[in-house]
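Q: Need the 3D shape of this:
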Amino acid sequence: VTMTAAVVLMLVTGAMATRLGSEFLPSLDEGDLLVHALRIPGTSLSTAVDMQHALERKLKTYPEVDYVFSKIGTAEIATDPMPPSVADTYVMLKARDRWPDPDREKSDLVAQLQRELPNMPGNNYEFIQPIQMRFNELIAGVRSDIAVKVFGDDMDVLAEVGTNIEAVLAGVPGAADTKLEQTSGLPLLTVSLKRTEMARLGLSVSDVQEVVEVAIGGSVVGQLFEGDRRFDIVVRLPEALRSNLDELGRLPVPLPSSGGARTSGYVQLGSVADIAVAPGPNQVSRENGKRRVVVTANVRGRDIGSFVAEAERRIAEGVVIPAGYWTAWGGQFEQLVSARQRLAVVVPVALLLILGLLFATFGTMRDSLLVFTGIPLALTGGVFFLWIRGIPFSISAAVGFIALSGVAVLNGLVMITFINRLREQNLPLEEAVMQGAVARLRPVLMTALVASLGFLPMMLATGRGAEVQRPLATVVFGGIVSSTALTLLVLPVLYLLFARERREVEL
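A: Predicted structure coming up:
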């Protein structure tokens, strides 16, 4: 009966483990917000600053907001380069007891901002937390929780595939702030040469390009020295003329020389070229030597593992990816996969080391395996408590499972060692097992209580940083509860069964 109950419990918790979900690390509640404001590429700095001031004034109208400040563009030391069309808006919230409704959830405030801020024209927003944004950017290269990277050669095809993936990703439950990075839309001055007219006048491409280069880009005509520093002296048209297409069309282009004259006259640039401002590429990103675009999204209300699994299925069903193009997942999910691969090596190595130490202690594989059975029995409690509390599996929980294995082995080691000592005193098998189980009851309970009660405050904590502590403490507390009960009940039965089989074999 005891063994059947233990096996059923392991099977049930094994089924629960498949429904836990997974994430890299739990999201910390930092207490503040970061509103990532994105505007049309090519937005001037003055216009972006005016729009940012309007956004800050709007944010200050919320009673939960204490103060707001922003970072826009690129600093002189470009540790975080951004165009003027992108701004990081740091929203510092008041202490919870100063809110009009202290019981209001922070997620409710974010939902309200998501509904109301898009009413301000010209802006798109992503809502995240300051440290979380920087953490994502440092470890994964994107600011959001997850990213779908599309690789290929043709930027138009990449943009089309990215748009389709964005539409599918936005429809997955839990997706928030779904965005395709801005790869086009930057206004560019385009000078299209009229080859027929140039050939009739005897002009070469370099003749026209040189005029455009000097007038718009500038030409170095000398250097200015200040002490040991040198500055180039550049000549070009003033801003008022460089931004006026009609004036640019009247630029004189020298015609090729004829006879002894240096030039045979001039022709206006507008006669040999079409000048227009047209949308061009905003950025061309590469990774591992291939062009790529990125679709980003934040995940709210569910774990990242199940979200990515559903998103992968929907993308495979609803998006056609041409030959020569492929996708890859980034963000926190990429780190989760990497951590899983490391754990797939670390955990077996740790378990083998534990088994090796047990064999060195007992000298027999039978007793070593008996003690080792405490590990899967302990894991049942950790999984059960995670499932009860609705906490997904994370790296923090994985660390808890590894620590739990050591405590479970310790309890089993105490009991098996004492029973073996009684057997050496020639006590009958059943009597030795019974006395050993009763005599080791208090040491096992003391070991379990010290560890479990020490983790109880962490398991119930609600302050800053509790999100990371909670999975680890929940696993250890729940695992010790199950490990203690199963060690006191199942381990003596296992010892009895193995010892009887061994005795029958000897007879």
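Q: what residue ranges in the stretch 1-150 of the chain score low on pLDDT?
A: Along the stretch 1-150 of the chain, the parts satisfying pLDDT under 70 run over 77-79, 139-140.
Q: Which residue ranges of it form strands?
A: Using DSSP state E, counting those that start in this stretch, the strands found in the stretch 1-150 of the chain span residues 33-38, 65-72, 86-93, 124-128, 146-152.
Q: now those strands as a markdown table including mean neighbour count and distance to Leu237?
A: In short, each C-beta sits where N, CA and C put it, glycine included. Converted to a markdown table, the strands of the stretch 1-150 of the chain look like this (neighbours: other C-beta atoms under 10 Å; distance: least, C-beta to C-beta, whole Å):
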| stretch | mean neighbour count | distance to Leu237 |
| --- | --- | --- |
| strand 33-38 | 21 | 32 |
| strand 65-72 | 16 | 28 |
| strand 86-93 | 19 | 29 |
| strand 124-128 | 19 | 35 |
| strand 146-152 | 23 | 39 |
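Q: want to throw the ones you listed into a markdown table with distance to Ala311?
A: Listed next are those as a markdown table, based on distance: least, C-beta to C-beta, whole Å:
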| stretch | distance to Ala311 |
| --- | --- |
| strand 33-38 | 21 |
| strand 65-72 | 31 |
| strand 86-93 | 25 |
| strand 124-128 | 18 |
| strand 146-152 | 8 |
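Q: Which one, of these, ends up nearest to Met458?
A: Met458 sits nearest to strand 86-93 of all these, at 25.1 Å, using C-beta to C-beta.
Q: Give me the contacts around the closest one.
A: For strand 86-93, the surrounding residues in contact (C-beta atoms under 8 Å, 6 or more residues apart in numbering) are 31-39, 48, 52, 55-56, 59, 64-72, 82, 106, 109, 130, 133.
Q: what comes up buried for stretch 167-176?
A: The neighbour-count check on stretch 167-176 (16 or more other C-beta atoms under 10 Å) flags Val168, Leu169, Val172, Gly174, Ala175, Ala176 as buried.
Q: same question, stretch 436-446
A: Residues of stretch 436-446 classed as buried: Gly436, Ala437, Arg440, Val444 (neighbour count, 16+ other C-beta under 10 Å).
Q: Narrow those residues to those in helices?
A: Residues from these lying in helices, with DSSP state H as the criterion: Gly436, Ala437, Val444.
Q: Least confident of those residues?
A: pLDDT across those is lowest for Val444, at 80.
Q: And it, how close does it get to Ser144?
A: Counting by C-beta to C-beta, to the nearest Å, the gap from Val444 to Ser144 is 47 Å.
Q: Kindly report the same for Arg421.
A: The gap separating Arg421 from Ser144 is 59 Å, by C-beta to C-beta.
Q: between the two, which one's more packed in?
A: Using other C-beta atoms under 10 Å, the more surrounded residue of Arg421 and Ser144 is Ser144, with 26 against 12.
Q: picking up where we left off before, now the buried residues of stretch 167-176 in CSV, with pLDDT and distance to Ala397?
A: As requested, those are arranged in CSV below (pLDDT from 0 to 100; distance: C-beta to C-beta, whole Å):
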residue, pLDDT, distance to Ala397
Val168, 90, 30
Leu169, 89, 27
Val172, 89, 24
Gly174, 86, 20
Ala175, 86, 24
Ala176, 83, 24
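Q: tell me which of those residues is nearest to Glu431?
A: Nearest to Glu431 out of these is Gly174 (C-beta to C-beta; 58.4 Å).
Q: What are the phi and psi values at the closest one?
A: Reported as degrees, to the nearest 10, the phi and psi values for Gly174 are phi 100, psi -10.
Q: Now for it: which residues touch it?
A: Residues near Gly174 by C-beta under 8 Å, 6+ apart: Val299, Arg300, Gly301, Arg302, Phe307.
Q: try 6 Å this time
A: Val299, Gly301, Arg302, Phe307 (C-beta atoms under 6 Å, 6 or more residues apart in numbering).
Q: which one is the most centrally placed residue in the chain nearest to, not counting chain neighbours?
A: With distances taken as C-alpha atoms, centre = their mean, the residue of the chain nearest its centroid is Gln332 (2.6 Å). Residue nearest to Gln332 in three dimensions, not counting chain neighbours: Phe24, with 4.4 Å by C-beta to C-beta, 6 or more residues apart in numbering.
Q: mind checking how far the one you found is from Glu64?
A: For Phe24 relative to Glu64 (C-beta to C-beta), the value is 29 Å.
Q: cool, and Val220?
A: Look at Val220 and Glu64: by C-beta to C-beta, they are 55 Å apart.
Q: re the thing from before, what about the residue nearest to Gln332, how many residues nearby?
A: Neighbour count for Phe24, taken as other C-beta under 10 Å: 24.
Q: mind checking the backbone torsions on it?
A: phi -70, psi -60.
Q: Tell me how far it lies from Ala87.
A: As judged by C-beta to C-beta, Phe24 and Ala87 stand 27 Å apart.
Q: neighbours around Ala408, how many?
A: Neighbour count for Ala408, taken as other C-beta under 10 Å: 30.
Q: part of a strand, is it?
A: No. The assignment for Ala408 (DSSP: H, G, I helix; E, B strand; the rest coil) gives helix, which keeps it out of a strand.
Q: pLDDT value on it, please?
A: Ala408 carries a pLDDT value of 80.
Q: right, and it touches Thr380 too?
A: No. Checked against C-beta atoms under 6 Å, the pair Ala408 and Thr380 is beyond contact range at 10.6 Å.
Q: mind listing the helices for the stretch 351-500 of the chain?
A: Along the stretch 351-500 of the chain, counting by DSSP state H, counting those that start in this stretch, helices occupy 365-372, 374-389, 395-424, 429-439, 441-460, 466-506.
Q: ugh, wrong one, I meant the stretch 51-200 of the chain
A: Counting by DSSP H, counting those that start in this stretch, the helices of the stretch 51-200 of the chain are 106-116, 130-140, 155-170, 195-201.
Q: Export those as CSV, with columns for distance to Leu336.
A: Putting the helices of the stretch 51-200 of the chain into CSV (distance: least, C-beta to C-beta, whole Å) gives the following:
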stretch, distance to Leu336
helix 106-116, 22
helix 130-140, 10
helix 155-170, 18
helix 195-201, 55
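Q: Can you tell me which of these is most buried?
A: Each of the helices of the stretch 51-200 of the chain was assessed for mean neighbour count using mean count of other C-beta atoms under 10 Å. The highest is helix 155-170, with a mean of 18.
Q: Gln283 and Gln182, how far apart?
A: Distance, Gln283 to Gln182, by C-beta to C-beta: 7 Å.
Q: of those two, who's got more company?
A: For Gln283 versus Gln182, neighbours defined as other C-beta under 10 Å are more numerous around Gln182 (19 against 13).
Q: show me what contacts the more buried one?
A: Residues counted as contacts of Gln182 (C-beta under 6 Å, 6+ apart) are Pro41, Asn282.
Q: Near Gln435, how many other residues are there?
A: 14.
Q: wait, Ser396
A: Other residues near Ser396 come to 21 when the count uses other C-beta under 10 Å.
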